[in-house]
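Engineer: with the sequence up front, the predicted model follows.
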There are 2 protein chains.
Amino acid sequence: MSGDVGSLGVFEIARAVKRDSLVLMSASLALRNGALGAAADALWARRADIAAANERDLADGERNALPLPIMKRLLFDEKKLSDTLQGVRDLIALPDSIGRVRLERELDSDLLLRQVTCPIGVIGVIFESRPDALVQIASLCLKSGNCAILKGGSEARETNRILYEIIHGAGAAAGLPDNFLRLLESRAETSEMLGCHESIDLIIPRGSNAFVRYIMDHSDIPVMGHSDGICHIYADKAADVEKAVRIIRDSKVQYAAACNAVETVLVHEDIARELLPALQKELAAKGVQIRGDGRVIDILADAEPAIAPATEEDFATEYLDYIVSIKVVRDEEEAIAHINHYGSHHTDAIVTEDEAAAARFMSGVDSAGVYRNCSTRFADGFRYGLGAEVGISTGKLHARGPVGLDGLTTYKYLLSGNGNIVEDYAEGRRSFHFRDL
Amino acid sequence: MSGDVGSLGVFEIARAVKRDSLVLMSASLALRNGALGAAADALWARRADIAAANERDLADGERNALPLPIMKRLLFDEKKLSDTLQGVRDLIALPDSIGRVRLERELDSDLLLRQVTCPIGVIGVIFESRPDALVQIASLCLKSGNCAILKGGSEARETNRILYEIIHGAGAAAGLPDNFLRLLESRAETSEMLGCHESIDLIIPRGSNAFVRYIMDHSDIPVMGHSDGICHIYADKAADVEKAVRIIRDSKVQYAAACNAVETVLVHEDIARELLPALQKELAAKGVQIRGDGRVIDILADAEPAIAPATEEDFATEYLDYIVSIKVVRDEEEAIAHINHYGSHHTDAIVTEDEAAAARFMSGVDSAGVYRNCSTRFADGFRYGLGAEVGISTGKLHARGPVGLDGLTTYKYLLSGNGNIVEDYAEGRRSFHFRDL
């Protein structure tokens, strides 16, 4: 099959990708890593062409008066390419996530069960305007033996297209099946993709909550995504105040638009009078607006600017902005209950020097990430050492938190016998002895 | 909260169960195992009451002229109770599936990441007429720290009710939160349950494909279930003919109505003339009807009864009956392609003495179970030594194949620091060193 799929519909593309996924599934680590290395080399060799394509996207963006944050994400200069390629090199160095024996059990002397990790098959990823996402996602899928169908943001069309062509060309030349990677470009194609449940095993949408919800509602394909990122920090009565202020500041302002930024701070009543003034000062200096419950407003009565009241709705809101809601709680139990009720099961932290309080919090909070004495902003595949991430899952099934190679992996059970039949075991002529090796 | 939930709607019940799931999540293994032991003791002590309840269900079934297979599944006599309780004792002896550290990684000298297994939360299980399923499912959920909302078949209403009351009473007396287990009884309640996506984390429907599909289409809650069980056996050219016949017979007739029974046999052309007559003789003796492709009909021209032709539709059918379709294939590659195309990714086997052929098959077949030289009927949680199963998953995400304790488990990331903030790492004042412990 040729690399030109321009004339094919999405359904046919997805079918071809599915077929090739059965080939990629058995590709050796050397072949997959070799293709990744070749792709990285080719991307660097063609950095001038990539920069030129990116400039065309940026010029279009300017003509269309795209907001500055989107223009920033769209920019893919030599520095960003170089950082992205370092990520690919790091990924090559990671151990293989497939072919790992997770369980090896003798069911009987001549009947051996093994649970072995393997690729999922075909992953559809819909991502936003950052072109580096295309390189990361394609690399993660390839390293984990999965074929990928990518749909990038239309703002990055020119950049995405050249990145795709270079990676696809390098991979095919290295010996991968031709359809190990495909790129879709139009919104209409995204809709068609949602109907390809016979060919696509998993869809990962990256974008707003509403967008992820829309995808879930319009496809029979399993979806891995995250809803909100309503993250909390609870400052326990045994908190070190300096640490708490520093952690809350970082969690709020280091990148306020991120899903792992803190939105609500809960403060134990015993420490509120000491912590809140220091915290208010620090946040005000950074331009963060505080919305507080009645006790916060009381304690910070002299604050400048004045504290706005926090409503019930505030506690259920992902601001993604320089705003934080603060509530004083009676005890740790109330904090945990608040987080489990209002939170989005993303990442929540306790600041405390008390081991027992930390243990209770980490066991009782039902979130993908539960932290002690550090910033919620650490919730990220790179920072976890996963090499990269295709996204962060707030669902509880399959993968939770930052999703890297393991989240793109499933397993199968391999059973080897010597003519064994169930009748012999059902009728008591033979019996299982279950011995893990 | 009292054990009487008769006056509450399903939505309120689910909310109460969700609340208690946060308590059960932190329950010690000793408490969970103690409750399981107490439930098993109580069930045995009240075996006469259970038998009486079961007799009422059986009498109703007879009045309603239930088919014999359903009446058989409905029967829950002392022997079945005793077997079921042995299963509970085995489950108690299994190691804990929660609290296991799956990854422990130093991100920096004072920043430790751990990935620790934990319960999913609230599991909704809709199951068929076998009362032993209630005991198994309730036990698996409890052992794995999950609260469960069960809906059993209406034919088994009296038996299910008493089993539920005994297990619930024993668990609550042992110190579990009151809503660790709830039973729904009406079909209307099942529909309501499908809308409880804020309280129920996972639904496991056991039943026909159409039923599982219905559940998936009518709920926003993730569903773990299996579609068809179109299982294959491929007799390679290097197959031991005696083994092949024996394995195919067992896979077909040991329990033809099971999802792991074989539906299609693929025979390498080099061995077809030797294998097919022997296989036909064996299957005819067991009353199995063969539907063959042209070459099978040629080779078995003299067979009695005559071989019916297999259509395209046969290869996509789960007979669950004494029927098997047989096709002669050119080579192993054709067999693998046929299985990946027509199969349901449940369990497929090769019979061969050739190591290389076995390795290719096990790598190339995209199914939850891939077997060599043994019956497909081994695809079962008990036979895998998982203690029991809540079902078999043909999906690829989260859990695949028979689902036991591990399939009812998720994980969270715990991160412990000493005031660490992302700003320091983003601005190069500190750096990660990623060391797995």
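Structural biologist: Thanks, I have it.

Engineer: beta-bridge partners for the spatially most central residue of chain A, please?
Structural biologist: Centroid check for chain A by C-alpha atoms, centre = their mean gives residue A:391 as the closest residue, at 1.8 Å. Beta-bridge pairing for residue A:391 (DSSP bridges): residue A:403.

Engineer: residue A:114 now?
Structural biologist: Applying DSSP bridges, one finds that residue A:114 bridges with residue A:104, residue A:414.

Engineer: tell me the pLDDT at it?
Structural biologist: What the model reports as pLDDT for residue A:114 is 96.

Engineer: what sits against it?
Structural biologist: By C-beta atoms under 8 Å, 6 or more residues apart in numbering or on different chains, residue A:114 lies in contact with A:101, A:103, A:104, A:105, A:413, A:414, A:415, A:416. For every residue, glycine as well, the C-beta is placed using N, CA and C.

Engineer: any idea how many residues pack against residue A:61?
Structural biologist: Counted with other C-beta atoms under 10 Å in any protein chain shown, the neighbours of residue A:61 add up to 18.

Engineer: I'd say residue A:243 and residue B:420 touch.
Structural biologist: No. In this structure residue A:243 lies outside contact range of residue B:420 using C-beta atoms under 8 Å: 9.4 Å.

Engineer: mutual contacts of those two, please.
Structural biologist: Going by C-beta under 8 Å, 6+ apart, residues that sit against residue A:243 and also against residue B:420 are residue A:373.

Engineer: which parts of the stretch 251-400 of chain A sit against chain B?
Structural biologist: Within the stretch 251-400 of chain A, the positions adjacent to chain B are A:251, A:254-255, A:340, A:358, A:362-364, A:366-375, A:377-379, A:383-385, A:395-398, A:400 by C-beta under 8 Å from any C-beta of the partner chain.

Engineer: from residue A:322, how far out is the residue found closest to residue A:179 once you drop the neighbours it is linked to in the chain?
Structural biologist: Leaving aside its chain neighbours, residue A:179 sits nearest to residue A:20 (3.9 Å; criterion: C-beta to C-beta, 6 or more residues apart in numbering or on different chains). To residue A:322, residue A:20 is 47 Å away according to C-beta to C-beta, to the nearest Å.

Engineer: out of the two, which sits in the more crowded spot?
Structural biologist: residue A:20 (20 against 15).

Engineer: where's the residue nearest to residue A:179, which helix or strand?
Structural biologist: helix A:10-24 (DSSP states H and E).

Engineer: buried sites along that helix?
Structural biologist: A:10, A:13, A:14, A:15, A:16, A:17, A:18, A:19, A:20, A:21, A:22, A:24 (16 or more other C-beta atoms under 10 Å in any protein chain shown).

Engineer: so who does the last one touch?
Structural biologist: Going back to what we said before, that points to residue A:24. So, once contact is read as C-beta under 8 Å, 6+ apart, residue A:24 ends up touching A:119, A:145, A:146, A:147, A:176, A:177, A:180.

Engineer: switch to 7 Å and redo it
Structural biologist: A:145, A:147, A:176, A:177, A:180 (C-beta atoms under 7 Å, 6 or more residues apart in numbering or on different chains).

Engineer: and the pLDDT at it?
Structural biologist: 96.

Engineer: that one and residue B:234: what is the separation?
Structural biologist: Taking C-beta to C-beta, one finds residue A:24 at 22 Å from residue B:234.

Engineer: next, count neighbours for the closest residue to residue A:229 other than its chain neighbours.
Structural biologist: Nearest residue to residue A:229, sequence neighbours excluded (C-beta to C-beta, 6+ apart): residue A:259, at 3.0 Å. A count of neighbours around residue A:259, defined by other C-beta under 10 Å, yields 24.

Engineer: pretty sure residue A:259 is in a strand, no?
Structural biologist: No. Assigned with DSSP: H, G, I helix; E, B strand; the rest coil, residue A:259 falls outside any strand and is coil.

Engineer: pretty sure it sits against residue A:392.
Structural biologist: Yes. The pair residue A:259 / residue A:392 is scored as a contact, 6.4 Å apart, by C-beta atoms under 7 Å.

Engineer: wait, residue A:223 touches residue A:215, no?
Structural biologist: Yes. With contacts counted by C-beta under 7 Å, residue A:223 reaches residue A:215, the gap being 5.6 Å.

Engineer: where do the contact lists of these two overlap?
Structural biologist: A:203, A:205.

Engineer: quick one: contacts for residue A:322?
Structural biologist: Here residue A:322 is in contact with A:256, A:287, A:288, A:289 (criterion: C-beta under 7 Å, 6+ apart).

Engineer: where does the first one fall, phi/psi-wise?
Structural biologist: Going back to what we said before, that points to residue A:256. When read as degrees, to the nearest 10, the backbone of residue A:256 gives phi -70, psi -20.

Engineer: report the contact partners of it.
Structural biologist: A:320, A:321, A:322 are the contacts of residue A:256 under C-beta under 7 Å, 6+ apart.

Engineer: which of those sits closest to chain B?
Structural biologist: Nearest to chain B, judged by C-beta to the nearest C-beta, of the contacts of residue A:256 is residue A:322 at 15.5 Å.

Engineer: how far away is that closest one from residue A:344?
Structural biologist: Applying C-beta to C-beta to residue A:322 and residue A:344 gives a distance of 20 Å.

Engineer: residues near the residue lying closest to residue A:434 once chain neighbours are set aside, how many?
Structural biologist: Distances taken as C-beta to C-beta, 6+ apart place residue B:385 nearest to residue A:434, at 3.9 Å, with adjacent residues excluded. Neighbourhood size, residue B:385 [other C-beta under 10 Å]: 20.

Engineer: close enough to count as contact, residue B:385 and residue A:435?
Structural biologist: No. Between residue B:385 and residue A:435 there is no contact under C-beta under 7 Å: 9.0 Å.

Engineer: show me the domain layout of chain A.
Structural biologist: Domain assignment for chain A, taken from automatic domain parsing, gives A:10-225+A:402-412, A:231-378.

Engineer: quick one: terminal-to-terminal distance for the last one?
Structural biologist: It stands for domain A:231-378. 12 Å (C-alpha to C-alpha, to the nearest Å).

Engineer: ok, the first one next?
Structural biologist: With C-alpha to C-alpha applied, domain A:10-225+A:402-412 spans 29 Å between its terminal residues.

Engineer: looking at it, residue A:257 is touching residue A:318, isn't it?
Structural biologist: No. Using C-beta under 7 Å, residue A:257 makes no contact with residue A:318, being 10.2 Å away.

Engineer: and those two? which has more neighbours close in?
Structural biologist: residue A:318 (17 against 10).

Engineer: how is that one assigned, secondary-structure-wise?
Structural biologist: Secondary structure of residue A:318, per three-state DSSP, is coil.

Engineer: contact residues of the stretch 1-150 of chain A facing chain B?
Structural biologist: Contact residues, the stretch 1-150 of chain A versus chain B (C-beta under 7 Å from any C-beta of the partner chain): A:22, A:25, A:26, A:105, A:107, A:111, A:113, A:120, A:121.

Engineer: just send the residues you listed back as TSV, with distance to residue B:268 too.
Structural biologist: Output for the residues of the stretch 1-150 of chain A next to chain B, formatted as TSV (distance: C-beta to C-beta, whole Å):
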residue	distance to residue B:268
A:22	20
A:25	22
A:26	20
A:105	30
A:107	27
A:111	24
A:113	26
A:120	30
A:121	27
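
Engineer: which of the residues you listed sits closest to residue B:334?
Structural biologist: Taking C-beta to C-beta as the measure, residue B:334 sits nearest to residue A:22 out of those, at 13.3 Å.

Engineer: please report how far that closest one lies from residue A:119.
Structural biologist: Distance from residue A:22 to residue A:119, by C-beta to C-beta: 10 Å.
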